[in-house]
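In: Pasting a predicted model and its sequence here:
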Amino acid sequence: MKGYKRLKSLAEKVFKASKADQTEVLFANVDQLLTRFSKNSIHQNVMSSDNQVSIRVVKGKKIGSALTNKVDPDGIIQTLMRATEIADLQSEDEKFKSLPCEKEIVIEDDFGKINPKDFANKVTSIVNIAMDKGVKAFGAIKRENAEIAIFNSSGTSSYRTSTLDNLNLVMMDGELSGYGALSGINLTINDIEQLALIASAKCKSKYTPIPIEPGEYTVFLEEYAVITMLMMLNYMGFSGLKFLEGRSFLSNKIGKKITGADISIYDDGISEKGIPSYFDFEGKKKKKVILIENGIGKGVVYDSYTANMGNKKNTGHSLPQPNLFGPYCLNIFMKSGNADVKDMISTIKKGIYITRFHYVNVVHPTKTVMTGMTRDGTFLIENGEITRPIKNLRFTQSILDAFKNAKMISKKRKLFSLEGETYLAPAVVIKCFNFTGVSEM
Amino acid sequence: MKDIALKIIDLLKLKRVTYGDVRIVLRKLENIKVKNEVPLVVTTSDDCGFGVRVFIDGGWGFSSSSDFKIGNIEKVVNQAISIAKASGSVNKNKFQFSELDPIEGAYITPHQINPLNVSLEEKINLLVNATSKMKKYVLVKIRQGFMRIFIDEKIFANTEDSIIHQKVMTCGGGIQATAIGKDEYQVRAYPNSFEGNFATGGYEFIESLQLDENSERIGQEAEEILKAPQCPSGIMDIIIDSSQLALQVHESIGHPIELDRVFGTEASYAGTSFIEPAMMNNLRYGSGIVNVYADATVTGALGSFGYDDEGVPAQRIPIIQNGIFKNFLSSRETAPLITKKSNGTMRADGWQNIPLIRMTNINLEPGEWDLEDLISDTKNGLYLETNSSWSIDDKRINFQFATELAKEIKNGKLGKIYKNPTYTGITTKFWNSCDAICSEKYWKKWGTPNCGKGEPPQTMYVGHCTSPARFRNVYVGVMK
């Protein structure tokens, strides 16, 4: 890792050498250790260390960018020249106004130690539980130390260091499997063992899974399944670009009721309850944005480009530029309810308990219809109790309609981070969830 | 690059590892995206680094870096070894690798025009000119053009004295029209979704795509789909066009035959497979006309190369013959577990990742039908074109796809267009319902440039050659 002062000094050299009206330099330095295990053995154990610099130049309304991982003065100046050549080739982009100007932000969190032996010990604790329970453990544990810095010639200096650990875990016994995941800083052996016990309990049953007829059922969705629904909503419509172009489910729906009254969803990149990212990939400080409040469509997120396009305020949600994707939420929270999980299950006369979803994709984006499969812990609920495992099911369901039918929301929420996106969500009971197929040969 | 690779191998031999290899990769990328005639994304990147993989004391370790300083190279080698020893502290695995004689090899993708030698200006103009022809269609609010060039130059060396130099050149592109109405929008892409079609080869491939010639049609069709009625629901015969069939092959044949999935190494993430080793030569995967090969030697196909990332030469292997399952995709480590030799499918995404078993070109062999005859032979059904959505379960049994459009087939004739078509099925039942495949005349190479697998996620370029085919009694129009 390079440190704030050294990166700022490199960026200043770029600004000095640049002939453009505005110049932006983004540094991304990442060290990572990832240990994967299957059938109670480590089969993949990998470390990587990479430094990247991306340079964006603005000449009038012409923009060019180039990227390299040769992060020395020569490599950086060559990349600047390439970005400038590209800008010269460009046509004017009338929708572009300016790179953002942000006050200095410096967040220097300590890096966690990258230690393969520590990870091996953590995997051993999982394997010991798996062997004790007579099941097999599969999964991955990862630590990522990141240093992100964005500087631009209009005064933006945003810098942060961070450490994040992730664990995903599947326990299997024959046809049955159970899942658990943890995201945070310095996952403890105790947390990991608790997760391993929960996942292993799900794959032990005196029954073999049976198929049930597709149709509409009341479902208990664990937090992992709810988080997948939030991910899909995020993809289908919280972006200001999709909203402005009429491609978001929120286009023409701001101020209107779109879900049940208990549903509130917001993005907050500063909140310590999640995994804060503080600023976006243009260095702009993140603002809290209410997306859905008490079932009413409230807002979407913007970066500098789309804020100018729609005459809105930049909310600090840029992805690395340039991209056609537009701004994006990376820190989504769903408001909790007041129910205990046991009470939630006890209200279901006949229904399905779902641990998580798999391979979910969009069927109709503005109606928020998605399809996907259940996975790693799907059970029948009868008379308020989980009675037996069932075969995995395919669903085809509108998310907004599902949230209209949300009947109970849990008090507790789970934090989950995947590839830079972080979600904090409760478990939910939903009526009339639509299943359209069974996984059976 | 070669000197550095050999130095690392010397170091690994000095450290007495059971096995070790190194890959040095220089990746050059050019990415152009034009939206409403403005080239919003024009970017180039250079990315270079090395990855060292070792087996010692019963475990695997891998470490990588973009820093080529001598001190750092030694540090990375030592890290790989200490990681392997940490792996070995959990499990003492026996080192088992299928035999491979040392190879001194070289490969370069056959091509005529190096795409990086064509000016950015010419490439941008091609996309701007092509997409501007959609302007006359007023509902087409978003006109996009894409082009991507991706060149990997790599050195592979291992402690068994192989050393291989490869330059794999890939490129491609496409255009896309988005028609936007009051409460919905529809996308029409050419020649395929996922930003077009991609191949190994030079700029001549991009020129052959005829983006300009197809632009107006795509704009018109986007508007037609937006105005079209919803696809009906029910059990029908379907004819799937070759681009959608490529993805059907990818998801329901390509992934389940990866032997690492079969043995559970992707279980917690992408999933496993319904296929077991005992099913080789027994499982009736499809009807008697279904023949599938994994072929990394097809000139121009996106999944072609000279050697995989374990140094095994590219091969053509039977996967399904006359409907019977024959073979898995394997690596040097997994092949001995089914008493075979590696069939050369291990590939890594860049220097910073280890190789995994990946599809090469998984090709459905052509049949004998003429497409017009096949449509004439179909009484009631749908003709489905161009993927828009895909989903399959973690064992690759239950799938559901959506396409950009469906054309009604009534009494052997193509009729009206439907929007939002979907179809769903069970893998082996579906392939057993295939009763007609079109001839070589319609057999086309499709590149899938976004095949994801592994942790950390790796993206691989893979290919599929397919002709349109008919499937009987399929559930279509799944929607709520």
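Out: Happy to help now that I have it. Just so we're clear, the structure is a prediction, and the values are computed from it rather than from any experiment. Numbers count the residues shown, from 1 in each chain, chains lettered A, B, ... in the order given.

In: Enumerate the residues of the stretch 151-300 of chain A near chain B.
Out: When proximity is defined by C-beta under 8 Å from any C-beta of the partner chain, the stretch 151-300 of chain A lies next to chain B at A:N168, A:L169, A:V170, A:M172, A:S177, A:Y179, A:E245, A:G246, A:R247, A:N252. (C-beta placed from N, C-alpha, C; glycine too.)

In: Kindly recompute the last result at 7 Å.
Out: Where proximity means C-beta under 7 Å from any C-beta of the partner chain, the interface of the stretch 151-300 of chain A facing chain B comprises A:N168, A:L169, A:V170, A:M172, A:E245, A:G246, A:R247.

In: Moving along the chain from the helix or strand containing the third one, name the first helix or strand you hit.
Out: Right, the one you point to is A:V170. Using DSSP states H and E, A:V170 sits in strand A:157-173. Of the helices and strands lying after strand A:157-173 in sequence (DSSP H and E), the nearest is strand A:176-184.

In: For that next one, buried residues please.
Out: Under the neighbour-count criterion of 16 or more other C-beta atoms under 10 Å in any protein chain shown, strand A:176-184 has A:L176, A:S177, A:G178, A:Y179, A:G180, A:A181, A:L182, A:S183 buried.

In: And for stretch A:279-290?
Out: Burial within stretch A:279-290, assessed by neighbour count using 16+ other C-beta under 10 Å, is assigned to A:F279, A:D280, A:F281, A:E282, A:G283, A:K284, A:K285, A:K286, A:K287, A:V289.

In: about what we covered before: I'd like the buried residues of strand A:176-184 written out as CSV, with pLDDT added.
Out: As requested, the buried residues of strand A:176-184 are exported to CSV (pLDDT from 0 to 100):
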residue, pLDDT
A:L176, 96
A:S177, 97
A:G178, 98
A:Y179, 98
A:G180, 97
A:A181, 97
A:L182, 97
A:S183, 96
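
In: circling back to that earlier point, nearest to chain B, of the buried residues of stretch A:279-290?
Out: Ranked by distance to chain B (C-beta to the nearest C-beta), the buried residues of stretch A:279-290 are led by A:F281 at 13.9 Å.

In: Just say helix, strand or coil for the residue found closest to that closest one once you drop the neighbours it is linked to in the chain.
Out: Counting by C-beta to C-beta, 6 or more residues apart in numbering or on different chains, A:P320 is the residue found nearest to A:F281 once chain neighbours are left out, at 4.5 Å. Secondary structure state of A:P320, per DSSP: H, G, I helix; E, B strand; the rest coil, is coil.

In: burial of A:P320, as a residue count?
Out: As a burial measure, the neighbour count of A:P320 was computed by other C-beta atoms under 10 Å in any protein chain shown and equals 18.

In: how much space between it and B:Q176?
Out: 22 Å (C-beta to C-beta, to the nearest Å).

In: ok so, going back, mean confidence for the strand holding A:V170?
Out: Averaged across strand A:157-173, pLDDT comes to 97.

In: can you tell me which two in the buried residues of stretch A:279-290 are farthest apart?
Out: Using C-beta to C-beta, those reach their maximum pairwise distance at A:G283 and A:V289, which is 17.9 Å.

In: Report the beta-bridge partners for B:H464.
Out: With DSSP bridges as the criterion, B:H464 is bridged to B:W446.

In: I'd guessed it sits against B:E251; true?
Out: No. The pair B:H464 and B:E251 fails to qualify as a contact (C-beta atoms under 7 Å) at a distance of 10.4 Å.

In: between these two, who's got more neighbours?
Out: When B:H464 and B:E251 are compared for neighbours, B:H464 comes out ahead with 28 against 21, by other C-beta under 10 Å.

In: what's near enough to touch the more buried one?
Out: Each residue near B:H464 by C-beta atoms under 7 Å, 6 or more residues apart in numbering or on different chains is listed here: B:A246, B:V249, B:H250, B:N361, B:I362, B:N363, B:W446, B:T448.

In: give me that answer again for 8 Å
Out: Residues in contact with B:H464 (C-beta atoms under 8 Å, 6 or more residues apart in numbering or on different chains) are B:245-247, B:249-250, B:254, B:361-364, B:445-446, B:448.

In: Kindly report the same for B:L414.
Out: B:L414 sits in contact with B:I375, B:Y383, B:K407, B:E408, where contact means C-beta under 8 Å, 6+ apart.

In: Give me the pLDDT for it.
Out: pLDDT, the model's per-residue confidence, is 98 for B:L414.

In: Confirm it sits in a strand?
Out: Yes. For B:L414, which was evaluated using three-state DSSP, the result is membership in a strand.

In: where along the stretch 1-150 of chain A do the helices fall?
Out: In order along the chain, the stretch 1-150 of chain A carries the following helices (DSSP state H, counting those that start in this stretch): A:4-17, A:73-89, A:116-133.

In: Output these in CSV; the columns should cover mean pLDDT and distance to chain B.
Out: As requested, those are arranged in CSV below (pLDDT from 0 to 100; distance: least, C-beta to the nearest C-beta, whole Å):
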stretch, mean pLDDT, distance to chain B
helix A:4-17, 96, 15
helix A:73-89, 94, 5
helix A:116-133, 97, 4
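
In: Name the residues of the stretch 251-400 of chain B found near chain A, please.
Out: Selection of the stretch 251-400 of chain B residues close to chain A by C-beta under 8 Å from any C-beta yields B:263-265, B:267-269, B:271, B:274, B:352-354, B:389-395, B:397-398, B:400.

In: Tell me how many other residues surround residue 440.
Out: All of this refers to chain A. The local packing of A:E440 (other C-beta under 10 Å) involves 13 other residues.

In: The chain in question should be chain B.
Out: Taking other C-beta under 10 Å as the neighbour definition, B:E440 ends up with a count of 11.

In: Can you verify my assumption that it contacts B:P366?
Out: Yes. The pair B:E440 and B:P366 passes the contact test of C-beta atoms under 8 Å, sitting 4.4 Å apart.

In: Now do the same contact list for B:T427.
Out: With C-beta under 8 Å, 6+ apart, B:T427 has these contacts: B:S252, B:I253, B:P256, B:F274, B:R396, B:I397, B:N398, B:F399.

In: scratch that, B:D152 is what I was asking about
Out: B:D152 makes contact with B:V25, B:L26, B:R27, B:Q166, B:K167, B:V168, B:G350, according to C-beta under 8 Å, 6+ apart.

In: quick one: which of those sit in helices?
Out: Taking DSSP state H as the definition of helices, the contacts of B:D152 contribute nothing to them.

In: By neighbours, which of these wins?
Out: B:V25 (24 neighbours).

In: ok, for that one, nearest residue in space, not its chain neighbours?
Out: Nearest non-adjacent residue to B:V25 (C-beta to C-beta, 6+ apart): B:W351, at 4.0 Å.

In: any chance you could read off phi and psi for the one you found?
Out: Backbone geometry at B:W351, expressed as degrees, to the nearest 10, gives phi -80, psi -20.

In: isn't B:I257 right next to B:L329, touching?
Out: Yes. Counting by C-beta under 8 Å, B:I257 sits close enough to B:L329 to count as a contact (5.5 Å).
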